[in-house]
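> Please work out how this folds:
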Amino acid sequence: MNTTIKEQNGELVATLEGRLDTAAAPQTEKDLAPLMAAAGKNVVLDCTKLEYISSSGLRIFLALLKAVKPAGGHVFIEGMSDDIRSVFAMTGFTQLFEFR
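Numbers count the residues shown, from 1 in each chain. Purely as a prediction, here's the structure:
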């Protein structure tokens with residue numbers, strides 16, 4: 001699992017590449033920690049190259065949302081495959097996040 005973060009147009013964009021499973025979750029959580037501290041900024045999770053997400057990965061996304069939203073930021077998800085979108089739909093996460 002590879003995670004890169006860059007600032008683009010005033011937003012923080014995290015590109016997720018590979019499988020966000022239980023084994024990759026601890027490192028991915030560390031990699032995304034700077035986003036959780038970005039008070040008031042919008043965060044974009046680019047999932048174009050994300051192949052799989054487990055419940056551990058969903059937990060990371062939810063923790064990020066809980067950190068960013070109270071500070072006035074938004075978490076947008078873009079480029080999600082149909083398979084991952086179905087996981088979000090089954091878990092009710094489509095109601096929590098904003099999609100582009």
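
> Would you map the helices across this structure?
Under the criterion DSSP state H, helices of the chain are mapped to 25-36, 55-68, 82-91.

> per-residue confidence for residue 93?
Looking at residue 93, its pLDDT is 96.

> Revised request: answer the last question for residue 3.
97.

> ok, now which ones touch it?
Contact analysis of residue 3 by Cβ atoms under 8 Å, 6 or more residues apart in numbering lists 14, 15, 16, 17, 28, 31, 32. For the C-beta atoms, the positions are set from N, CA and C on the backbone; glycine is no exception.

> And for the closest residue to residue 71 other than its chain neighbours, the neighbour number?
Distance criterion Cβ to Cβ, 6 or more residues apart in numbering; nearest residue to residue 71, sequence neighbours excluded, is residue 39 at 3.9 Å. As a burial measure, residue 39 scores 11 neighbours (other Cβ atoms under 10 Å).

> Go ahead and confirm residue 39 touches residue 12.
No: in this structure residue 39 lies outside contact range of residue 12 using Cβ atoms under 8 Å: 11.3 Å.

> for residue 20, what are its contacts?
Residue 20 touches 1, 28, 50, 52, 53, 54, 56, 57, 60, counting by Cβ under 8 Å, 6+ apart.

> out of those residues, who's nearest residue 66?
When the contacts of residue 20 are compared for distance to residue 66 (Cβ to Cβ), residue 60 wins out at 10.8 Å.

> and the gap between the closest one and residue 10?
23 Å (Cβ to Cβ, to the nearest Å).

> Mind checking which of those two has more residues around it?
Under the criterion of other Cβ under 10 Å, the comparison of residue 60 against residue 10 puts residue 60 first, with 22 against 7.

> wait, what's in contact with the more buried one?
20, 25, 28, 29, 32.

> and with 10 Å instead?
16, 20, 24-26, 28-29, 31-32, 36, 45, 53-54 (Cβ atoms under 10 Å, 6 or more residues apart in numbering).
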